[in-house]
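Visitor: Model the following, please.
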Amino acid sequence: MRRADGYDRWRQAESRALSELVQGRLSRLQHPADCGRAPKLVCNLNKGCGYGCQVHHATYCLIVAYATRRTLVLNSKGWRYAAGGWETVFRPVSNSCTEAGAQGVGWGSHAEASPVVELPIIDSVQPRPAFLPLAVPAELAPRLTRLHGDPSLWWVSHVLGFLVRPQASLQRFLDQAAHDMGFRGPVVGVHVRRTDKVGTEAAFHGLEEYMEWVDDYFELLALRGGNTGPLQRRVYLATDEPKLPGRGAHQEASLIPYNRSPCNGLWCRYPSYQFFGDSRIAKTASLGQRYSSESLRGVLLDIHMLSRCDYLVCTFSSQVCRLAYELLQLSHVDAADRFRSLDDIYYFGGQNAHNQRAIYNHTAQSPEEIDMRVGDTLGIAGNHWDGFSKGVNRRTGRHGLYPAFKAVHKLDAVPFPPP
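Guide: Numbering: from 1, shown residues only. A predicted model of the protein is given here:
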């Protein structure tokens with residue numbers, strides 16, 4: 001029906017128009033007519049964290065630059081992942097305005113009049129501006145609401161997309177790797193994070209828990225039909241656990257089920273699946289090798305391949321998982337529902353409060369639950385994935401559980417300065 005009535009064509013055209021609008025504005029911002037006179041925002045890439053966190057840090061910097069009408073100067077020389085800087089991996093943030101030209105002042109209430117402002121990390125920026133994620137520019141909000149299931153995600157994704165345009169050498173590497181492994185769909189991307197966060201920031205999740213949702217996706221795909229032959233189930237497996245992939249790169253799974261065999265390989269445990277991936281990436285992701293050039297190429301390949309999958313199963317506590325999910329949006333009109341997170345809901349690290357709006361009344365059925373009325377604003381802390389979310393009713397001040405289906409994301413549309 002959507003094809004027949006032209007709705008799909010409209011969505012495709014609107015998606016292209018919005019993307020071109022935002023990319024054009026970012027390009028003009030980063031290439032001012034007179035660099036010497038242009039106000040600038042200086043951002044140091046080397047935040048004390050891993051690759052995904054640092055890329056999200058750069059994304060935050062560009063959002064602030066856009067919202068304050070300043071050209072972003074990204075200081076990246078000596079970057080832990082590439083000593084030559086950002087431009088050795090990705091296309092330059094600017095081709096014509098790359099130096100601050102003067103000593104900057106710190107972020108604060110008196111910084112607006114300064115020609116150069118130095119931006120702290122999002123965790124310590126004070127005062128906190130309203131335009132931080134998950135806010136979207138108010139002028140774009142009506143169009144994004146009609147187009148996309150998560151306008152905040154769309155906005156972050158398209159700012160990120162401007163930053164991570166690959167250099168030609170990186171693009172050749174990514175294309176060749178995909179060709180060599182015979183990558184094709186339908187395929188589900190699975191990211192299993194182990195080395196640095198399990199037991200501290202994230203709980204352990206066994207591979208079988210991920211594969212339950214992979215099975216669910218392919219069962220639904222089979223029910224929808226449209227396949228000319230047997231449905232080949234494919235998985236791109238990205239992990240920092242060297243022991244997990246078994247035999248390693250793009251193996252055909254063809255033996256007996258996991259629960260009936262002492263075999264540990266993927267080809268034994270999941271005989272109906274073809275797995276893509278490279279076990280060498282897991283070895284270079286170890287804490288001792290994390291900042292090597294090999295490790296960088298590995299994480300770049302994993303994120304790229306995950307973002308090319310049809311669906312993602314991962315943990316949103318992982319920056320890599322969220323990066324792949326964000327980049328997935330750039331290949332589709334709306335890929336907001338193409339995921340299953342085993343822990344957190346989607347968020348942007350350091351974001352302002354994430355609010356929901358109650359669309360149904362609810363009367364607490366236990367001491368752990370909270371009452372809510374239609375229209376109440378709820379500050380969500382997380383989804384328990386058992387039918388309930390946890391948060392605070394900002395009207396009553398009470399904290400507790402509430403049925404997840406009775407609330408929706410409350411879009412934070414914030415006026416940005418005119419482009």
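Visitor: Tell me the buried residues in stretch 328-341?
Guide: 328, 329, 330, 333, 335, 336, 338, 339, 340, 341 (16 or more other Cβ atoms under 10 Å). C-beta here means a position set from N, CA and C on the backbone, and glycine is covered the same way.
Visitor: same check, this time on stretch 122-135
Guide: 122, 125, 131, 132, 133, 134, 135.
Visitor: Rounded mean pLDDT for it, please.
Guide: Confidence for stretch 122-135, expressed as mean pLDDT, is 97.
Visitor: same question, stretch 330-348
Guide: Here the average pLDDT along stretch 330-348 is 98.
Visitor: residues near residue 47, how many?
Guide: Per other Cβ atoms under 10 Å, the neighbour tally for residue 47 reads 20.
Visitor: Distance-wise, check it relative to residue 299.
Guide: Distance of residue 47 to residue 299, computed by Cβ to Cβ, to the nearest Å: 16 Å.
Visitor: out of the buried residues of stretch 122-135, which are inside helices?
Guide: With helices taken from DSSP state H, there is no overlap with the buried residues of stretch 122-135.
Visitor: any idea which of these is closest to residue 216?
Guide: residue 134 (27.6 Å; Cβ to Cβ).
Visitor: That closest one and residue 354 touch, don't they?
Guide: Yes - Residue 134 is in contact with residue 354 according to Cβ atoms under 8 Å; the separation is 6.0 Å.
Visitor: Quick check: neighbours shared by the two?
Guide: residue 347 (Cβ atoms under 8 Å, 6 or more residues apart in numbering).
Visitor: what's the following helix or strand after the helix or strand of the chain with the lowest mean pLDDT?
Guide: Every helix and strand in the chain was compared by mean pLDDT, DSSP states H and E; the lowest is helix 279-284, with a mean of 67. Counting by DSSP states H and E, the element after helix 279-284 in chain order, helix or strand, is helix 293-307.
Visitor: tell me which residues in that next one are buried?
Guide: Neighbour-count burial for helix 293-307 [16+ other Cβ under 10 Å]: 295-307.
Visitor: same check, this time on stretch 180-191
Guide: Quick answer for stretch 180-191 (16+ other Cβ under 10 Å): 181, 183, 187, 188, 189, 190, 191.
Visitor: pretty sure the fourth one is touching residue 310, no?
Guide: It refers to residue 188. Yes - counting by Cβ under 8 Å, residue 188 does reach residue 310; the two are 6.6 Å apart.
Visitor: ok, back up a step: can you put the buried residues of helix 293-307 in a markdown table and add pLDDT and distance to residue 275?
Guide: Formatted as a markdown table, the buried residues of helix 293-307 follow (pLDDT from 0 to 100; distance: Cβ to Cβ, whole Å):
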| residue | pLDDT | distance to residue 275 |
| --- | --- | --- |
| 295 | 85 | 21 |
| 296 | 92 | 23 |
| 297 | 93 | 20 |
| 298 | 93 | 17 |
| 299 | 94 | 19 |
| 300 | 97 | 20 |
| 301 | 96 | 15 |
| 302 | 96 | 14 |
| 303 | 98 | 18 |
| 304 | 98 | 17 |
| 305 | 98 | 12 |
| 306 | 98 | 14 |
| 307 | 99 | 18 |
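Visitor: And the furthest pair within the residues you listed?
Guide: 295 and 307 (18.6 Å).
Visitor: Quick one: the helices in this structure, in order.
Guide: 7-30, 51-68, 141-147, 151-163, 168-180, 207-224, 266-269, 279-284, 293-307, 319-328.
Visitor: Now flag whichever of the buried residues of stretch 122-135 is closest to residue 71.
Guide: Nearest to residue 71 among those, with distances taken as Cβ to Cβ, is residue 131, at 16.9 Å.
Visitor: Look up how far residue 152 lies from that closest one.
Guide: Counting by Cβ to Cβ, the gap from residue 131 to residue 152 is 12 Å.
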